[in-house]
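Whatever this is, show me its structure:
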Amino acid sequence: MDACHRQRLVSGCLQEKGRDEASLEKTISKKLTIKSNEVRYLCGGNCSGGGLFRQKITKKGGVIMISFYVNGKKQTVDVSPDTPLLWVIRDQLKLTGTKYGCGIGECGSCTVHIDGKAYRSCVTPVGQVQGKRVTTIEGLPKNNPVKKAWIQEQVPQCGYCQTGVIMQVAALISESKNPDTDKIVNAMDDVLCRCGSYPRMKKGIKAAVEIARKEGKAS
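Got it, this is the predicted structure:
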């Protein structure tokens, strides 16, 4: 990870009570080894999809080219493979609906879908999504049950975190059309809203489940 991105993550997290710079550096540390055209990462425990994984990455003219799909469109970027996916989405692809919140994958503001599952893009290296399909809030259809429910129930207050919340709920409902209370709690437990709009979020989730259920019967 280059110094610029590391400083972004650290400076964005130092306000967390009880966290010093050394511990944050340890939390966000990633090891990168490039051998031939293979990239191996070892992510810290807070990294979404953490653990050891390997992806094939194309080298063109000495530059590492990473290709993946965003909202159905193929994208190729020449950033460092350990660049957080969040900054590629926002800075390179100019899709600014995905938000920076904490920088360590603990608040959910940056949530996107990777092959249909919810991931925290602030701690997901772009090299991990080589060849995969990424969906951001801009790519979620307007008629998605969660978007409909969020408008119906007027869920957001300031709205900053809500794009990530919507993506988290959309992944949950896609996986389970009628999730029980335990599934909802487990999926939403690490999603933070600084405005405290949790009661409206709860109503929005219930409404989204009901909309999805009705649309499923009609189809």
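
got the buried residues for stretch 146-164?
Within stretch 146-164, the residues scored as buried using 16 or more other C-beta atoms under 10 Å are 146, 147, 148, 149, 150, 153, 155, 156, 161, 162, 163, 164. C-beta here means a position set from N, CA and C on the backbone, and glycine is covered the same way.

got the contact list for it?
97-99, 101, 107-111, 137, 140-141, 165-166, 169-170, 173, 191-197, 200-201, 203-205, 207-208, 211 (C-beta atoms under 8 Å, 6 or more residues apart in numbering).

Sort out which of those residues are in strands and list them.
Using DSSP state E, residue 111 are the members of these that sit in strands.

Among the contacts of stretch 146-164, which are located in helices?
Per DSSP state H, helices hold the following members of these: 165-166, 169-170, 173, 200-201, 203-205, 207-208, 211.

Nearest to residue 92 among those residues?
Distance to residue 92, by C-beta to C-beta, is smallest for residue 166 among the ones in helices among the contacts of stretch 146-164, at 22.7 Å.

separation between the closest one and residue 208?
9 Å (C-beta to C-beta, to the nearest Å).

Determine the longest strand present in the protein.
Secondary structure of the chain per DSSP E: the longest strand is strand 63-70.

and that strand, which strands flank it?
Strand pairing for strand 63-70, determined by DSSP bridges: strand 58-60 (antiparallel), strand 73-77 (antiparallel), strand 133-135 (parallel).

Of those strands, which is nearest residue 86?
In terms of C-beta to C-beta, the element of the strands paired with strand 63-70 nearest to residue 86 is strand 133-135, at 11.0 Å.

Is residue 204 in contact with residue 168, as I believe?
No - the pair residue 204 / residue 168 is not scored as a contact, 11.6 Å apart, by C-beta atoms under 8 Å.

The two: which is more packed in?
residue 204 (25 against 22; other C-beta atoms under 10 Å).

what's that one in contact with, if anything?
Applying C-beta under 8 Å, 6+ apart, the residues contacting residue 204 are 146, 149, 150, 152, 153, 155, 169.

Check the gap between it and residue 126 for me.
Applying C-beta to C-beta, the value for residue 204 to residue 126 is 31 Å.

before we move on, what about residue 72?
Distance, residue 72 to residue 126, by C-beta to C-beta: 18 Å.

With neighbour numbers in mind, choose between these two.
residue 126 (25 against 9).

Can you verify my assumption that that one contacts residue 78?
No - using C-beta under 8 Å, residue 126 is not in contact with residue 78, being 10.6 Å away.
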